[in-house]
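Asks: next comes the sequence, and after it the predicted model I'd like to discuss.
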Amino acid sequence: MFMRLASAAAVLAIFAGCGTGTATPNLGETKTTPPTTTSASTATGSAVATTPAASAILPTIGRFKATGAMAVPRTYDTATLLSDGRVLVVGGQDPNGATLATAEIFDPKTGTFAATGSMKTARWGHAATLLKDGRVLITGGGNEGTAPLDSSEIYDPATGKFSPSGKMSMTRVNHVATLLQDGRVLIAGGADDSGNGIDSAELFDSATGKFTATGSMTAGRWGHTATLLQDGRVLIVGGKDGPDVFASAEIYDPATGKFTATGSMEAPRWGQAAALLASGLVLVTGGEDDTGAPVQTAELFDAAAATFAGTDSMTTARVGHGATTLASGLVLIAGGVDSNGAGLATAELFDPTAGTFTATGSLASARGHHTQTLLADGEVLIAGGTDSDQILGQAELYQP
């Protein structure tokens with residue numbers, strides 16, 4: 001049985017117990033899907049993003065509509081936009097708390113999910129990254145009754161099958177994975193089997209299928225976010241290590257293979273969401289603070305100045321939500337959980353030009369810890385997640 005770290009924002013355990021059915025948060029993965037004109041994508045969307053100019057931002061109301069349900073209700077899974085416009089949903093936990101090896105595909109043309117090949121190893125709290133060749137790398141995560149995993153596997157959309165790949169240098173869960181501009185994948189941080197943050201990082205080379213060590217982070221952390229900046233560096237923000245919640249941030253430079261501390265946020269947070277804006281600024285929203293309360297505030301990181309600055313607060317405090325940069329340049333903030341662990345149905349839009357949040361249509365199903373994926377047609381797929389003790393199979397689409 002693993003040590004459990006309870007969150008005041010949701011009564012969830014960091015690691016799944018042996019047959020306890022306890023849901024486990026995957027807060028280390030960024031649910032941000034910036035718009036792109038390239039085919040290179042990260043676990044939740046594009047990595048080398050070509051975002052629209054700020055002048056393209058237009059007022060919008062937006063609405064959510066139900067779409068086909070997943071074959072299996074799941075949470076703490078991953079959703080990856082494939083090169084052909086479909087979405088690969090992998091792993092997670094089901095309503096019984098069991099860890100899943102199954103995967104399914106959402107087809108926007110039919111609005112339905114269909115089962116595809118299963119992973120070799122069931123896992124939650126893993127990371128998924130779309131490689132430049134169109135395959136998907138799955139790394140780490142947790143499994144029932146075991147320590148976090150060091151294994152990886154690759155999904156090939158051409159065959160619909162998963163195959164084993166290289167092993168990481170160590171086990172990790174709730175880590176982040178970012179596709180770099182040169183095609184390598186940066187794996188950073190995560191938690192060990194005691195809930196402590198890991199400071200190590202490594203690089204995956206799809207040509208060799210191997211992981212190699214790179215520089216270590218300035219702090220061991222999980223529940224953090226990773227955002228690919230326009231200059232190819234990677235911004236790591238917040239997170240936690242045991243009971244400590246961080247306001248600190250750091251930047252990984254692929255040219256040197258090193259992490260360097262940068263300006264700190266105005267407030268510590270973990271389980272937040274981050275989105276790259278057209279201007280190159282990074283929007284950081286919500287999360288949970290060091291008292292265990294969901295956060296309503298938001299901040300903007302300026303890579304040129306290496307500083308964070310406060311911006312307008314969200315209409316609702318939330319943790320475990322999604323943040324997606326739309327084709328208009330607006331950022332959709334959807335769902336999350338409140339201080340009682342109840343899912344939120346509210347959603348809002350951040351306007352980078354005005355620096356304000358405005359309520360938009362509400363989700364059909366209240367949820368947090370869901371996946372949120374920008375589709376090729378500009379709609380956003382929202383699937384699965386939790387609402388208190390319920391794990392959802394419903395999915396819906398946000399129409400800007």
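Replies: Happy to help now that I have it.

Asks: quick one: residue 84 from residue 187, how far?
Replies: From residue 84 over to residue 187 the distance is 26 Å, taken as CB to CB, to the nearest Å. All C-beta spots, glycine's among them, are computed from the backbone N, C-alpha and C.

Asks: higher neighbour count, these two?
Replies: When residue 84 and residue 187 are compared for neighbours, residue 187 comes out ahead with 28 against 11, by other CB atoms under 10 Å.

Asks: and the more buried one, what's its pLDDT?
Replies: At residue 187, the model reports a pLDDT of 98.

Asks: element containing it, please.
Replies: Using DSSP states H and E, residue 187 sits within strand 185-188.

Asks: outside of the helix or strand following that strand itself, list whatever touches it.
Replies: Next helix or strand after strand 185-188 toward the C-terminus (DSSP H and E): strand 201-205. Residues from elsewhere that reach strand 201-205 (CB atoms under 8 Å, 6 or more residues apart in numbering): 137, 139, 152, 166, 168-169, 180, 184-189, 210-217, 252, 259.

Asks: ok, of these, which come out buried?
Replies: Listed as buried from the contacts of strand 201-205 are 137, 139, 152, 166, 168, 180, 184-189, 211, 214-217, 252, 259; burial here means 16 or more other CB atoms under 10 Å.

Asks: so residue 160 touches residue 116, yeah?
Replies: Yes - under the criterion of CB atoms under 8 Å, residue 160 makes contact with residue 116 at 4.7 Å.

Asks: and these two? Which one has more around it.
Replies: Using other CB under 10 Å as the criterion, residue 160 and residue 116 rank with residue 116 on top: 20 against 14.

Asks: check contacts around the more buried one.
Replies: Here residue 116 is in contact with 88, 103-105, 155, 160 (CB under 8 Å, 6+ apart).

Asks: do the same with residue 259
Replies: For residue 259, the contacting residues are 201, 215-218, 236, 250-253, by CB under 8 Å, 6+ apart.

Asks: next one: residue 260
Replies: Here residue 260 is in contact with 218, 250-251, 253 (criterion: CB under 8 Å, 6+ apart).

Asks: now it: how far from residue 307?
Replies: Relative to residue 307, and taking CB to CB, residue 260 is found at 14 Å.

Asks: could you do residue 358 as well?
Replies: Relative to residue 307, and taking CB to CB, residue 358 is found at 26 Å.

Asks: sorry, back to before: closest one of the contacts of residue 116 to residue 391?
Replies: residue 104 (15.0 Å; CB to CB).

Asks: quick one: the helices in the stretch 151-300 of the chain?
Replies: Here the stretch 151-300 of the chain has no helices by DSSP state H, counting those that start in this stretch.

Asks: so residue 119 touches residue 99, yeah?
Replies: No - under the criterion of CB under 8 Å, residue 119 makes no contact with residue 99, lying 10.2 Å away.

Asks: find the residues that touch each one of the two.
Replies: Joint contacts of residue 119 and residue 99 (CB under 8 Å, 6+ apart) are residue 91.

Asks: for residue 399, what are its contacts?
Replies: By CB under 8 Å, 6+ apart, the contact list for residue 399 reads 62-65, 379.

Asks: give me the buried subset of these.
Replies: Using 16+ other CB under 10 Å, the buried members of those are 62, 64, 379.

Asks: flag the shaky bits of the protein, pLDDT-wise.
Replies: Low-confidence segments of the chain (pLDDT under 70): 1-60.

Asks: possible to save the contacts of residue 399 as CSV with secondary structure?
Replies: Below are the contacts of residue 399 laid out as CSV (DSSP: H, G, I helix; E, B strand; the rest coil):
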residue, secondary structure
62, coil
63, strand
64, strand
65, strand
379, coil
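
Asks: okay, those residues in TSV with distance to residue 327 next?
Replies: Output for these, formatted as TSV (distance: CB to CB, whole Å):
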residue	distance to residue 327
62	12
63	16
64	17
65	18
379	10
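
Asks: tell me the one of these nearest residue 145?
Replies: residue 64 (37.4 Å).

Asks: identify the residue nearest residue 379 in space, chain neighbours excluded?
Replies: Using CB to CB, 6 or more residues apart in numbering and skipping residues adjacent in sequence, the residue nearest residue 379 is residue 397, 4.8 Å away.

Asks: the one you found: neighbour count?
Replies: Residue 397 has 20 nearby residues by other CB under 10 Å.

Asks: repeat that for residue 233.
Replies: Counted by other CB under 10 Å, the residues lying close to residue 233 total 20.

Asks: what pairs with the strand or helix carrying residue 79, and is each one parallel or antiparallel?
Replies: Residue 79 belongs to strand 78-81 when assigned by DSSP H and E. Next to strand 78-81 in the sheet, as set by DSSP bridges, lie strand 87-90 (antiparallel).

Asks: contacting residues around the partner strand?
Replies: By CB under 8 Å, 6+ apart, the residues outside strand 87-90 that reach it are 70, 74, 77-82, 103-106, 108, 113, 116, 119, 126, 128, 136, 138, 155, 157, 371, 373, 375, 381, 383-384.

Asks: distance from it to the middle of the chain?
Replies: Centroid displacement of strand 87-90 relative to its chain, using CA atoms, centre = their mean, to the nearest Å, is 13 Å.

Asks: the helix or strand just after it pairs with which strands, and in what direction?
Replies: The helix or strand immediately downstream of strand 87-90 is strand 103-107, counting by DSSP H and E. The strands that strand 103-107 pairs with in its sheet are strand 87-90 (antiparallel), strand 112-116 (antiparallel) (by DSSP bridges).

Asks: closest to residue 276 out of those strands?
Replies: For the strands paired with strand 103-107, proximity to residue 276 was assessed by CB to CB; strand 87-90 is nearest, at 20.0 Å.

Asks: next, the distance between the ends of stretch 176-191.
Replies: The straight-line separation of the ends of stretch 176-191 (CA to CA, to the nearest Å) is 11 Å.

Asks: enumerate every residue touching the residue nearest to residue 127 when sequence neighbours are not counted.
Replies: Closest residue to residue 127 apart from its sequence neighbours, by CB to CB, 6+ apart: residue 177 at 3.6 Å. Shown in contact with residue 177 (CB under 8 Å, 6+ apart): 42-43, 127-129, 137, 139, 185-188, 226.

Asks: re the thing from before, nearest to residue 230, out of the contacts of residue 260: which one, please.
Replies: Closest to residue 230 out of the contacts of residue 260 is residue 251 (12.6 Å), distances taken as CB to CB.
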